[in-house]
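> Could you look at this predicted model? Sequence included:
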Amino acid sequence: QQQQQQQQQQQQQQQQQQQPSQGFESFTKTFCTFAKENGYGCHHHDELQNCPAFKRHFRDRKDPQSKQLYFAAKNEEKESENVNESENVKESDLEDAIIFQQECDKIHVYILHSAVQFGTERDLFDQDKQDKLFNEIAEHSKGRSFSKAKKKVENTSWWESLDNHMNGNVKYLKGWKEGKLDHENDLDNAYREVVEKMGVFRFQSPYGFRLRQNRQVWHYSPSYGNIKEEALQNPYAAMSPFNWNVTLKKSQSFQKSRIGRNIATAAHGYFHDGLSEHKEEWQKGVQINLAEIVTLKLYTDFDGLQFELKKCFRLETFDDIFPATDDEQKKNEDDLQKQKQELQQRLCAFWNWRGALLLALNKFGAKLSSERKLYHGVNCKMIIRPTQSYAFYGPLSTTSSEHVAREFATQQGMVLTMKSRFPRLKLCNALDVSGISDYPEEQEWLVGFMYVRLLNVFTKKLEGDYSNPISVIKK
């Protein structure tokens with residue numbers, strides 16, 4: 001009997017090794033396969049741009065005409081002359097009908113037009129098939145950071161500047177290898193130009209400012225009275241009242257759902273944001289409320305708002321990458337002062353939303369274990385700026401699926417694979433928001449705080465012919 005039990009355990013272990021994607025991801029792959037094999041398909045599967053559900057799901061949410069994509073909006077226009085109801089009632093009915101249509105579209109895209117069918121591991125499926133789907137989604141989607149309409153051509157000026165400094169000659173690299181380099185200034189200038197044209201990926205800080213630059217943040221004050229006013233009136237990416245009402249109704253439905261009722265605090269805790277003075281102490285088992293759901297959905301569902309909010313956590317300067325020359329120092333000081341003023345205005349514009357979002361992530365986020373890997377896709381290649389403490393502050397959008405991260409990275413970007421550096425401290429946290437988001441196929445995890453261990457940086461080769469610089473690097 002002991003031998004039989006050992007054999008059964010060995011067989012189970014072998015099956016687990018053969019199936020690396022377990023749990024929810026494994027179920028979704030099986031479900032997608034079952035649906036396709038049993039006739040639930042899309043008539044436009046080979047022509048994704050013609051699929052109405054896909055176009056509605058990946059619509060541009062900033063476009064005021066996006067309501068015209070829905071059947072309810074078209075019917076409302078035809079019957080507007082014959083209906084004797086108040087405008088408020090008609091608008092409410094229209095919102096409900098469109099919300100129902102959006103949920104149907106979400107299911108359709110999740111099963112038939114998403115990376116969920118590939119699971120989470122990169123090498124389990126045909127690479128060409130994956131790339132074809134990712135390219136089609138990026139080509140025909142709107143309003144997302146990976147949409148090709150935003151960036152059709154990769155910026156390769158940094159490669160060109162490197163080639164100009166090398167002049168097609170390998171003597172600099174050979175001299176560097178032999179320790180006989182006499183042209184350090186040339187390489188410094190080349191690196192400076194590469195950094196300026198390529199950009200720098202920075203780990204976020206709590207207030208955007210670097211150490212000893214944040215002494216004035218305690219004197220800031222909010223520009224608006226609450227999160228609704230910030231979302232509707234901010235000068236960067238204001239949303240429409242229609243989108244706000246739809247988001248609020250979706251949040252109310254989610255709060256009553258089984259997934260919404262299961263989101264609760266895992267243990268007693270406390271959080272205090274020194275800027276906005278958002279602070280709260282909670283006990284174990286406190287369920288998420290409506291305001292916290294709306295706070296999260298504004299971040300997950302609206303790329304424009306998310307993009308502008310994340311600028312509150314980064315100060316984009318190069319003075320900490322390389323020292324400025326005497327001629328550049330005065331100009332850099334003026335630029336730095338201007339960027340500080342812009343950061344201050346942004347912090348004040350998103351005062352309430354930023355503080356409430358950080359509170360929600362730290363309140364409901366799960367402690368990251370040593371096994372949990374997360375992936376972050378960046379849609380351009382950048383130099384990664386290290387941090388001495390390995391710490392970065394959220395919110396940062398990551399995913400549990402490498403396929404989704406590669407979709408966000410597109411052909412021009414990079415994928416960062418990361419995990420907690422000190423999991424036993426139980427300080428690193430992230431919240432699974434795939435159930436809250438309008439894009440569940442992205443399997444999104446929002447990081448609140450992490451001591452990061454960067455495991456891998458994956459990039460694709462440059463688009464175009466850059467054989468000369470690459471051959472220089474190889475030599």
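Structure's in. What do you need?

> For Arg261, the count of nearby residues, please.
By other CB atoms under 10 Å, 12 other residues sit near Arg261. Yep, even glycine has a C-beta here, placed from its N, CA and C like the rest.

> In this structure it contacts Gln287, no?
Yes: using CB atoms under 8 Å, Arg261 is in contact with Gln287, at 6.5 Å.

> Show me where the stretch 101-250 of the chain has its helices.
127-140, 157-166, 171-178, 184-198, 227-233, 241-256 (DSSP state H, counting those that start in this stretch).

> Who are the packing partners of the last one?
Using 3 or more CB pairs under 8 Å, 6 or more residues apart in numbering; DSSP states H and E as the contact criterion, the secondary-structure elements in contact with helix 241-256 are helix 87-112, helix 227-233, helix 290-301.

> Least confident of the helices of the stretch 101-250 of the chain, on average?
Mean pLDDT values for the helices of the stretch 101-250 of the chain show the minimum at helix 171-178, a mean of 49.

> Where does pLDDT dip in the stretch 1-150 of the chain?
For the stretch 1-150 of the chain, the stretches flagged by pLDDT under 70 are 1, 6-29, 36, 39, 45, 71-89, 119-126, 148-150.

> 50 - rerun?
Counting by pLDDT under 50, the stretch 1-150 of the chain contains low-confidence ranges at 13-24, 83-86, 149-150.

> Look up phi and psi at Ser66.
Per-residue torsions, Ser66: phi -70, psi -20 (degrees, to the nearest 10).

> which residues touch it?
Residues near Ser66 by CB atoms under 8 Å, 6 or more residues apart in numbering: 59-60.

> Which residues does stretch 127-140 contact?
48-49, 54-55, 58, 113, 115, 118, 146-148, 403, 406-407, 410-411.

> ok, residues contacting stretch 270-286?
206-207, 217-218, 220, 222, 264-269, 347, 351-352, 354-356, 358-359, 362-363.

> Which of those residues fall within strands?
Counted as lying in strands by DSSP state E, out of the contacts of stretch 270-286, are Gly269.

> List only those of the contacts of stretch 270-286 flagged as buried.
Burial by neighbour count, judged by 16 or more other CB atoms under 10 Å, picks out 206-207, 217, 222, 265, 269, 347, 351-352, 354-356, 358-359, 362-363 from the contacts of stretch 270-286.

> tell me the least confident of those?
pLDDT across those is lowest for Val217, at 68.

> which two from the buried ones among the contacts of stretch 270-286 end up farthest apart in space?
Farthest pair in those (CB to CB) is Val217 and Thr265. Separation: 28.1 Å.

> Any stretches of the stretch 351-475 of the chain with poor pLDDT?
Ranges of the stretch 351-475 of the chain meeting pLDDT under 50: 466-475.

> just the strands in it please.
366-367, 374-378, 383-384, 391-399, 414-420, 429-432, 444-459 (DSSP state E, counting those that start in this stretch).

> how about those, which one is nearest Lys249?
Lys249 lies closest to strand 444-459 among these, at 21.2 Å (CB to CB).

> Okay, now the sheet partners of that closest one, with direction.
Partner strands and pairing direction for strand 444-459 (DSSP bridges) are strand 391-399 (antiparallel), strand 414-420 (antiparallel), strand 429-432 (antiparallel).

> Centre of the chain to the shortest one, how far?
Right, the one you point to is strand 429-432. 13 Å (CA atoms, centre = their mean, to the nearest Å).

> could the strands paired with strand 444-459 be laid out in a markdown table, adding mean neighbour count and distance to Lys460?
Putting the strands paired with strand 444-459 into a markdown table (neighbours: other CB atoms under 10 Å; distance: least, CB to CB, whole Å) gives the following:
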| stretch | mean neighbour count | distance to Lys460 |
| --- | --- | --- |
| strand 391-399 | 22 | 18 |
| strand 414-420 | 21 | 8 |
| strand 429-432 | 22 | 26 |
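
> tally of neighbours for Arg314?
Arg314: 18 surrounding residues under other CB under 10 Å.

> wait, isn't it in contact with Tyr207?
No: contact criterion CB under 8 Å: Arg314 and Tyr207 do not qualify, at 10.4 Å.

> So what sits opposite the residue most central in space within the chain in the bridge?
Closest residue to the average C-alpha location of the chain: Ser397 at 3.6 Å, with CA atoms, centre = their mean. Using DSSP bridges, the bridge partners assigned to Ser397 are Leu446.

> distance of it from Trp445?
Here the criterion is CB to CB, to the nearest Å. By it, Ser397 lies 8 Å from Trp445.

> what do you get for Gln339?
Remark: distance between Gln339 and Trp445 (CB to CB) = 30 Å.

> In terms of neighbours, single out the busier of the two.
Per other CB under 10 Å, whichever of Gln339 and Trp445 has more neighbours is Trp445, with 22 against 14.

> how much space between the more buried one and Val246?
From Trp445 to Val246 the distance is 24 Å (CB to CB).

> do Phe54 as well
Phe54 is 19 Å from Val246, by CB to CB.
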